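A.B. asks: What shape does this take:
(one chain, ligands or ions: 1)
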Amino acid sequence: MEIFKRLSWFFKQERKAYIFGSTLLLLVSILSAIVPMIVGNIIDDLTANTLTVQQLLFWVFVILAIALAQYVMRYFWRTAIFGTSAKLEKILRRRLFVHFTKMDAVFFQEHRTGDLMAHATNDLTAIRMVAGGGILTLVDSLSQGIITLIIMFVVIDWRLSLVSILPLPLLVVLVRFNGSRIHHHFRRAQEAFSSMNDKVQESIGGMKVIKTFGEEERDIDDFKKMTANVVDKNQAVHFYDAIFRPAIQMIMGLSTVIGIFYGGLLVVQGEITLGLLIAFLNYIGSMSWPMVAIGRLFNILERGSASYNRVEELLRYKSNIVEDPDGINEAIDGDIEFNVEEFKYPNSNQVVLSNVHFTIKQGETLGIVGKTGSGKSTIFKLLTRDYDWYTGNIEFNHHNIKDYTLNALLTNIGYVPQDNFLFSTTVRENIRFGLPEASQEEVEAIAKVTSVHEDIIGFPNGYDTLVGERGVALSGGQKQRISMARAMIIDPSLLILDDSLSAVDAKTEEAILGSIKETRSNKTTIIAAHRISSVMHADNIIVLEDGKIVEQGNHQSLIDNDGWYKQMYEKQQLALEIGEEGFEHVTI
Ligand SMILES: Nc1ncnc2c1ncn2[C@@H]1O[C@H](COP(=O)(O)OP(=O)(O)OP(=O)(O)O)[C@@H](O)[C@H]1O
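C.D. replies: Numbering: from 1, shown residues only. Predicted structure coming up:
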């Protein structure tokens, strides 16, 4: 019942619909209680031989009218109660989604996608059931139960009623015994379902790898085990459900037997009429719904409450990235001062960046090279405030980046991530994602800058071609160039290319870098790459090794330095002369 209290904010907000629906439910219960009395009356009149055809027709008409009225009322209470409960699901789903969009990298690292999907589907459905089926069973079982008991005790015979309902408290014991078990197993079933969701997602995402390694059989086996686990866990829920429901029928049967025996004696002794006994047996029968409803209500509330706990727990999660609500909220242009003494990822002891200091004057280009895992992407994660807890200080236009609102900071940064995520929509919408009002001309102009326009017009539907999961398959290089166009269309003050040219050939790379230089005069660019040719024209280049800057300077000074940079440059030049294939083997 406590879940009703926790959802009271919603019931208050929607009280009109709930009052309307509950009133109709009450009226339906009253009408239902009238029918057995009518049947009892007809039987008494029949046994007394006093029933005329006219009277019979009248009663038949009354019963039909009751059925019709119930039909109409049932229609309205359903739309009032179930329709309103769907609103609760909508509100919570929106809250959850907005919350997800505000979460930091740690949140998504700690919560598996499958879990989050299960919360956004199963859990919200279970909560909606409280506001729909839960309210229905509560109001209906109470109104029908109380009305029926009143008629049985007051109108028919209190002694008969008291004896007949003696087995009913057993139901309460049964409900208490079963409830916690169902709750426990439901939780486990939910967890198993989440894991299975994760598995499906991972397998589909990694299908290519699975096939390349010929591991389909093992993957199918793993999946079979997980589905078997889901079935097992759900069977436990159904097992306790299955104990519960037939037990209700048995207890109700016991009440009916007592009613027939004791009621039969009372009829023989002339204490009640046969019609009243038949009406009474009808009422005992109609007590079964309130009892079943109690069991169902209990389950609905248990499940809803567990789900609400999980959803609230998610909603309580506070992003570690704290935004200053009064932060600077304006376009940012200016120098970048990056001074990080030390940074470790959460839950890790490895120092990933150590004494990384560099300055980028507005309009300059910084190149970052270094072996894989040397910390290049981490620098970008700090610049875009994925992580805040480092010792040191990062400034953009002479203000700490934490002094800006997240929106101001991020809308001034065009970031092309390493994994080139594209949305399942058209090429055009992907490119103008950050500037939805951009015209076709603007979209084409930026696609030309990133040398992808020619590719796009060669697609079956040009800029209207669908990409992503349901669209055409793009090459890695095409994805990279579309992602670059998406980042550049907003003309950001700072453009970050995180290994964004790795899948394009040397000639295209040169063309793209040339166009970027041309179109981005007075704007800052950072390019992280494995290929020296991607960064060699930068104003300043840093070489990272294990999170430390080991060399720094422009191309010529780094060549003069005769260190790792020069070695890599020469190796890559040599490979270029041999041909592109040889090149692959000497990228960093
Ligand atoms: N979320 C994370 N949690 C813990 N450690 C991480 C996380 N992300 C990266 N690391 C570690 O931080 C180090 C630097 O990683 P980073 O991605 O910055 O390297 P990189 O130079 O960009 O590599 P690459 O060239 O392969 O992209 C690596 O040792 C990596 O294992």
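A.B. asks: Skipping its backbone neighbours, what lies nearest the residue in the stretch 51-200 of the chain that the ligand sits nearest to in space?
C.D. replies: Scanning the stretch 51-200 of the chain for the residue nearest the ligand gives residue 109, at 5.9 Å (criterion: CB to the nearest ligand atom). (Each C-beta comes from the backbone N, C-alpha and C, glycine too.) Among residues not flanking residue 109 along the chain, residue 346 sits closest, at 7.7 Å (CB to CB, 6 or more residues apart in numbering).
A.B. asks: Can you give me the neighbour number for that neighbour?
C.D. replies: Each residue near residue 346 was counted by other CB atoms under 10 Å, and the total is 12.
A.B. asks: need the helix or strand of this structure with the lowest average pLDDT.
C.D. replies: helix 580-584 (a mean of 49; mean pLDDT, DSSP states H and E).
A.B. asks: The ligand contacts on this structure?
C.D. replies: Contact residues, the chain versus the ligand (CB under 6 Å from any ligand atom): 109, 345, 348, 352, 370, 372-378, 418, 499.
A.B. asks: farthest-separated two in these?
C.D. replies: Maximum pairwise distance among these (CB to CB): 23.3 Å, between 109 and 370.
A.B. asks: Neighbour count: these two, which is higher?
C.D. replies: residue 370 (25 against 11).
A.B. asks: Quick check: phi and psi on the more buried one?
C.D. replies: Dihedral angles of residue 370 (phi, psi; degrees, to the nearest 10) stand at phi 160, psi 160.
A.B. asks: wait, isn't it in contact with residue 378?
C.D. replies: No: checked against CB atoms under 8 Å, the pair residue 370 and residue 378 is beyond contact range at 10.8 Å.
A.B. asks: low pLDDT regions in this protein?
C.D. replies: 172, 176, 179-180, 468-472, 579-588 (pLDDT under 70).
A.B. asks: Outline the domain layout of it.
C.D. replies: Per the record, the chain has its domains at 2-316, 331-412+498-588, 422-491, by automatic domain parsing.
A.B. asks: Would you tell me which of those gets closest to residue 324?
C.D. replies: In terms of CB to CB, the element of the domains of the chain nearest to residue 324 is domain 331-412+498-588, at 6.4 Å.
A.B. asks: any idea where the strands of this structure begin and end?
C.D. replies: Assigned by DSSP state E, the chain shows strands spanning 336-344, 351-360, 365-370, 391-396, 399-400, 413-416, 494-498, 524-529, 540-545, 548-553.
A.B. asks: List the residues that contact residue 343.
C.D. replies: Residues in contact with residue 343, defined by CB atoms under 8 Å, 6 or more residues apart in numbering, are 351-353, 378, 382, 387, 389-392, 547.
A.B. asks: partners of residue 357 in the sheet?
C.D. replies: Legend: beta-bridge partners of residue 357 under DSSP bridges are residue 339.
A.B. asks: ok, it touching residue 542?
C.D. replies: No: contact criterion CB under 8 Å: residue 357 and residue 542 do not qualify, at 9.5 Å.
A.B. asks: Between these two, which has more neighbouring residues?
C.D. replies: Between residue 357 and residue 542, counted using other CB under 10 Å, the more crowded position is residue 542 (26 against 13).
A.B. asks: Roughly how far does that one sit from residue 528?
C.D. replies: Distance check for residue 542 against residue 528: by CB to CB, to the nearest Å, it reads 10 Å.
A.B. asks: which neighbours do those two share?
C.D. replies: Common neighbours of residue 542 and residue 528, counting by CB under 8 Å, 6+ apart, are 367-369.
A.B. asks: Could you pull up the contacting residues of residue 89?
C.D. replies: Residue 89 touches 124-125, 127-128, counting by CB under 8 Å, 6+ apart.
A.B. asks: and the two most separated of the contacts of residue 343?
C.D. replies: 389 and 547, at 15.6 Å, using CB to CB across those.
A.B. asks: So which of those two has more stuff around it?
C.D. replies: Ranked by neighbour count (other CB under 10 Å), residue 389 and residue 547 place residue 547 first, with 23 against 12.
A.B. asks: ok, the more buried one touching residue 376?
C.D. replies: No: if you go by CB under 8 Å, residue 547 and residue 376 don't touch, sitting 9.9 Å apart.
A.B. asks: For the ligand, give me its nearest residue in the stretch 201-350 of the chain.
C.D. replies: Closest point on the stretch 201-350 of the chain to the ligand, by CB to the nearest ligand atom, is residue 345, at 3.3 Å.
A.B. asks: Contact partners for residue 136?
C.D. replies: Here residue 136 is in contact with 25, 77, 81-82 (CB under 8 Å, 6+ apart).
A.B. asks: Let's see that with 10 Å instead.
C.D. replies: Neighbouring residues of residue 136 by CB atoms under 10 Å, 6 or more residues apart in numbering: 21-22, 25, 77-78, 81-82, 85, 129, 293, 296-297, 300.
A.B. asks: ok, now residue 287?
C.D. replies: So residue 287 contacts 141, 144-145, 148-149, 152, 164-165, 168, 171, 252, 255-256 (CB under 10 Å, 6+ apart).
A.B. asks: how about a cut-off of 8 Å?
C.D. replies: By CB under 8 Å, 6+ apart, the neighbours of residue 287 are 145, 148-149, 165, 168, 252, 255.
A.B. asks: cool, and residue 379?
C.D. replies: Contacts of residue 379 (CB under 8 Å, 6+ apart): 338, 353, 356, 368, 528.
A.B. asks: 7 Å instead?
C.D. replies: Counting by CB atoms under 7 Å, 6 or more residues apart in numbering, residue 379 touches 353, 356, 368.
A.B. asks: got it, and residue 427?
C.D. replies: 456, 459, 463, 465, 467, 482.
A.B. asks: can you check residue 529 too?
C.D. replies: 367, 369, 499, 501, 535.
A.B. asks: Now with 6 Å, please.
C.D. replies: 499, 535 (CB atoms under 6 Å, 6 or more residues apart in numbering).
A.B. asks: where along the stretch 301-450 of the chain do the helices fall?
C.D. replies: Per DSSP state H, counting those that start in this stretch, the stretch 301-450 of the chain carries helices over the ranges 376-383, 406-411, 427-431, 440-449.
A.B. asks: Buried residues in the second one, which are they?
C.D. replies: Applying a neighbour-count criterion of 16 or more other CB atoms under 10 Å, the buried positions in helix 406-411 are 406, 408-409.
A.B. asks: how distant is stretch 327-340 from the center of its chain?
C.D. replies: Centre-to-centre, stretch 327-340 and its host chain are 34 Å apart (CA atoms, centre = their mean, to the nearest Å).
A.B. asks: And that stretch, end to end?
C.D. replies: 22 Å (CA to CA, to the nearest Å).
A.B. asks: Ok, stretch 539-559 next?
C.D. replies: Termini of stretch 539-559 sit 14 Å apart (CA to CA).
A.B. asks: from the chain's centre, how far out does it sit?
C.D. replies: Taking CA atoms, centre = their mean, one finds stretch 539-559 lying 43 Å from the centre of the chain it belongs to.
A.B. asks: cool, and stretch 351-365?
C.D. replies: Relative to its chain's centre, stretch 351-365 lies at 37 Å (CA atoms, centre = their mean).
A.B. asks: And it, what's buried?
C.D. replies: Those would be 351-353, 356, 358, 360, 363-365, for stretch 351-365 by 16+ other CB under 10 Å.
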